[in-house]
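>>> give me a 3D structure for the following:
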Amino acid sequence: MKQDNQTQIQQSATAGVINQTSQPKPAGSNNHTNGSTFDPNKYMLKLPKTKKVKLDNGQVKFVQVETDYLPVAPRIAWFRKEHPDWGIITETVMLAEKAVVMKANIQNPDGRVIATAQKKETEIGFPDYIEKAETGAIGRALAMCGYGTLQAPEFDEGERLTDSPIETAQKGS
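A predicted model of the protein is given here:
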C-alpha cells in the first residue's frame, strides 16, 4: 500500500550543545538565503561513538569518542530558512506488521526532485516507528542536500566502504 503525504514541517529547532569547531555548510551558493543566516552550530550535539583503532603492535582496540550531530529539526529549520518555497514530500513505501519504510523527496519549486532518501524502522526499535522512519528519511534527504551532511552518522561508512576501490593492473604485467 502506497500513501502520499505532503508534509509541511513546522518544527521548532531544539537547542543542543554549542560546538564552535564545526563549520557545516550547505551545498551550493549562500546567495539564496532568505534573510539572516542560519547558524547550525547553535544546535549541534555531541554523541558518543565507538571507533576501531589499530595499534602499532597490530592489535585492535575500540575507543569511545564524541562526534558532532545536527538533529533533524534544525536541519529542517535551516532548509526552510534558505528554501521557503521548496517542498519535503514523504511517502510510505512499505507498511508491514510492526515495520515501515518511509521515503522523503526534496523538491524545488518546479517540482524537480533534488534528493530522495529512505528509512526503515521497526516497533522493536521505537514504539512510534512510523514517525521515526519519516523523520529519519527527511534527515537523510536533507543531508544529501548538504544540511548536516558532515554530522550525519548514516554517511559514515566506517570500514565498510560503499564504493570499494579496485586494484589497477600493474604496468608491464
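>>> quick one, what contacts Ala99?
Neighbouring residues of Ala99 by C-beta atoms under 8 Å, 6 or more residues apart in numbering: 120-123, 129. For every residue, glycine as well, the C-beta is placed using N, CA and C.
>>> if you rank those by neighbours, which is first?
Glu121 (22 neighbours; other C-beta atoms under 10 Å).
>>> you'd agree that residue is in a strand?
Yes. Under DSSP: H, G, I helix; E, B strand; the rest coil, Glu121 falls within a strand.
>>> for Val101, give its distance to Lys132.
12 Å (C-beta to C-beta, to the nearest Å).
>>> joint contacts of the two?
Among the neighbours of Val101, those also in contact with Lys132 (C-beta under 8 Å, 6+ apart) are Lys119.
>>> helices of the protein, start to end?
All helices of the chain, identified by DSSP state H, fall at 72-82, 129-144.
>>> which stretch among these comes nearest Phe62?
Smallest distance to Phe62 across these (C-beta to C-beta): 25.6 Å, for helix 129-144.
>>> for the closest one, which positions count as buried?
129, 132-144 (16 or more other C-beta atoms under 10 Å).
>>> where's Asn57 relative to Val63, distance?
Between Asn57 and Val63 the computed distance is 16 Å (C-beta to C-beta).
>>> between those two, which has more neighbouring residues?
Between Asn57 and Val63, Val63 has the larger neighbour count (other C-beta under 10 Å), namely 9 against 5.
>>> Lys98 is in contact with Phe126, isn't it?
No. Under the contact definition of C-beta atoms under 8 Å, Lys98 does not touch Phe126, with a separation of 10.7 Å.
>>> phi, psi for Arg112 please.
phi -70, psi 130 (degrees, to the nearest 10).
>>> burial measure for it, as a count.
Counted with other C-beta under 10 Å, Arg112 comes out at 9.
>>> model confidence score at it, please.
pLDDT for Arg112: 97.
>>> same question for the one 5 residues further on.
Confidence at Ala117, expressed as pLDDT, is 96.
>>> run a quick neighbour tally on it.
20.
>>> for it, which non-adjacent residue is spatially closest?
Ranked by C-beta to C-beta, 6 or more residues apart in numbering and with sequence neighbours excluded, the top spatial neighbour of Ala117 is Arg140, at 3.4 Å.
>>> list the contacts of stretch 106-120.
Contacts for stretch 106-120 (C-beta under 8 Å, 6+ apart): 79, 83, 85-89, 93, 99-105, 132-145.
>>> that older thread, got the helices of the chain as TSV, with distance to Leu47 columns?
Below are those laid out as TSV (distance: least, C-beta to C-beta, whole Å):
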stretch	distance to Leu47
helix 72-82	14
helix 129-144	14
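>>> for Lys49, find the nearest of those.
helix 129-144 (16.7 Å).
>>> having no further points to raise, I will conclude here.
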